[in-house]
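Undergrad: I would like to see how this sequence folds:
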Amino acid sequence: MGMTRFFGSHRVAFEEPDLVAIQFHGRIEGHEAAALVGEVVVWARTRPYSLVLIPLDGLTNFSGEARRIFVSPVRASLPPRALAFYGGNFAQRVSFDLLARASALLGLKNRHLFHGPDEASARAWLAIMRETLAPLAAPQPRQWVDLRP
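TA: Numbering: from 1, shown residues only. Down below sits the predicted model:
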């Protein structure tokens with residue numbers, strides 16, 4: 001079972017062991033984005049990797065401050081993550097594509113991105129990414145070196 005938090009009208013569901021589902025409703029302001037990103041960052045830093053699911057249909061737009069927060073290089077130190085977006089109109093898809101490219105240029109390289117037509121395709125891609133990233137969660141065996149002459 002997970003935990004659900006609200007940031008204004010935006011909902012974030014943390015689903016154990018590794019999934020964050022974010023639903024935007026309307027415009028997202030800077031203070032909402034800051035609180036939301038802060039909560040997700042704290043949660044993600046406690047895991048070896050994280051998966052993020054975001055439908056674009058409910059988002060109308062976001063403030064300039066929110067845009068800066070979403071592309072902030074602060075998240076560059078996060079463990080690997082996979083973000084799956086789905087739905088949305090053409091303008092939203094282009095906008096998120098530009099945000100993704102801008103954040104990559106700012107140093108956010110430790111992540112994988114996907115955009116699909118619906119939730120089923122996004123979840124299917126996340127399942128593949130879980131298999132790809134899960135070995136990071138497995139404890140690594142110790143390598144013993146014999147130092148005797």
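
Undergrad: Centre of the chain to stretch 7-18, how far?
TA: Counting by Cα atoms, centre = their mean, to the nearest Å, stretch 7-18 is centred 11 Å from the centre of its parent chain.

Undergrad: Would you mark the buried spots in it?
TA: The neighbour-count check on stretch 7-18 (16 or more other Cβ atoms under 10 Å) flags F7, G8, H10, R11, V12, F14, D18 as buried. (Glycine included, C-beta is placed from N, CA and C.)

Undergrad: what's the distance between the last one and R81?
TA: Counting by Cβ to Cβ, to the nearest Å, the gap from D18 to R81 is 9 Å.

Undergrad: Can you work out which residues contact both of the two?
TA: Common contacts of D18 and R81 (Cβ atoms under 8 Å, 6 or more residues apart in numbering): Y49, S50, L51.

Undergrad: Mind telling me which residue is nearest the centre of this protein?
TA: V52 (4.0 Å; Cα atoms, centre = their mean).

Undergrad: Run through the bridge partners of that residue.
TA: Beta-bridge partners for V52, by DSSP bridges, are V20, L83.

Undergrad: doesn't Q23 make contact with it?
TA: No: when contacts are counted by Cβ atoms under 8 Å, V52 is not listed as touching Q23 (11.8 Å).

Undergrad: Now do the helix or strand of the chain with the lowest mean pLDDT: distance to the chain's middle.
TA: Lowest by mean pLDDT, DSSP states H and E among the helices and strands of the chain is helix 90-105, with a mean of 77. Using Cα atoms, centre = their mean, the mean C-alpha position of helix 90-105 is found 14 Å from that of the whole chain.

Undergrad: This completes my enquiry, with thanks.
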